[in-house]
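In: output the structure for:
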Amino acid sequence: EQVASRMTNRMWGFVGVPFGGCIGLFAWFYYQAKVEGVRYEPMLVASGTVGLLVVGLLGITYSLLSASWDEEDESEGLGGVATFNDNLSKIKEGVRRGRANVKARDTLESIGGVEEINRMREDLAKKEEAELKRRQSFAEKMRDEGL
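Out: Residues are numbered from 1 along each chain as shown. As a prediction, the model looks like this:
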């Protein structure tokens, strides 16, 4: 519930402002045409309002990914950029693991051997360990080496 509330609060700014701007822009174009008598090209009106709608749709994605998915973690920083990157990497990792699982299942079905699955699990564990080492900061690497 806390995570959903956090995401909803972020949506007000990242989605509400562009959608409100879209409505405001369309109202301004309407006012200009009816009251002031200024005519704008329909393509300009359409591209302006659709552009703000697209920004609002991108805002939905950003507001979901920039909110912390951990119920206890409230620290999101300015705009949630760090949290966005963390959550995006979690999604990429999930997709990668899903692909590895499908490949493992297909291999098991094709050869019918548990040895191949165990070898693939070991390879996956080594790749994950190497990826974690790669993501470590210099200070963390030095600490792990005892320096």
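
In: drop to CA atoms for contacts and neighbour counts, all remaining ones
Out: Noted.

In: excluding its backbone neighbours, what's nearest Arg6?
Out: Ala67 (6.2 Å; CA to CA, 6 or more residues apart in numbering).

In: check the one you found and give its pLDDT.
Out: pLDDT recorded at Ala67 is 82.

In: what backbone torsions are found at it?
Out: Main-chain torsions, Ala67, degrees, to the nearest 10: phi -90, psi 140.

In: point out where the chain drops to low pLDDT.
Out: 74-78, 109, 112-114 (pLDDT under 70).

In: re earlier: contacts only, for the residue nearest to Arg6.
Out: Contacts here follow CA atoms under 8 Å, 6 or more residues apart in numbering; on that basis Ala67 touches 3, 6-7, 10, 76, 80, 83-84.

In: can you do 10 Å?
Out: 3-11, 73-76, 79-84, 87 (CA atoms under 10 Å, 6 or more residues apart in numbering).

In: pull the longest helix from this structure.
Out: If you go by DSSP state H, the chain has its longest helix at helix 81-111.

In: as PDB, could you dump the C-alpha coordinates of the helix or strand following it?
Out: Next in sequence after helix 81-111, counting helices and strands by DSSP states H and E, comes helix 114-135. The C-alpha coordinates for helix 114-135 follow below in PDB (Å, rounded to 0.1, in the frame of the first residue of the first chain):
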ATOM      1  CA  VAL A 114      19.800 -32.900 -15.200                       C
ATOM      2  CA  GLU A 115      23.600 -32.500 -15.700                       C
ATOM      3  CA  GLU A 116      23.100 -29.900 -18.400                       C
ATOM      4  CA  ILE A 117      20.700 -27.900 -16.100                       C
ATOM      5  CA  ASN A 118      23.200 -28.000 -13.200                       C
ATOM      6  CA  ARG A 119      26.000 -26.800 -15.600                       C
ATOM      7  CA  MET A 120      23.700 -24.000 -16.800                       C
ATOM      8  CA  ARG A 121      22.900 -23.000 -13.200                       C
ATOM      9  CA  GLU A 122      26.500 -22.800 -12.400                       C
ATOM     10  CA  ASP A 123      27.200 -20.700 -15.500                       C
ATOM     11  CA  LEU A 124      24.400 -18.400 -14.600                       C
ATOM     12  CA  ALA A 125      25.600 -18.100 -11.000                       C
ATOM     13  CA  LYS A 126      29.100 -17.200 -12.300                       C
ATOM     14  CA  LYS A 127      27.700 -14.600 -14.600                       C
ATOM     15  CA  GLU A 128      25.600 -13.100 -11.800                       C
ATOM     16  CA  GLU A 129      28.700 -12.900  -9.600                       C
ATOM     17  CA  ALA A 130      30.700 -11.300 -12.300                       C
ATOM     18  CA  GLU A 131      27.900  -8.800 -12.900                       C
ATOM     19  CA  LEU A 132      27.800  -7.900  -9.200                       C
ATOM     20  CA  LYS A 133      31.600  -7.500  -9.100                       C
ATOM     21  CA  ARG A 134      31.300  -5.200 -12.200                       C
ATOM     22  CA  ARG A 135      28.700  -3.000 -10.600                       C
END
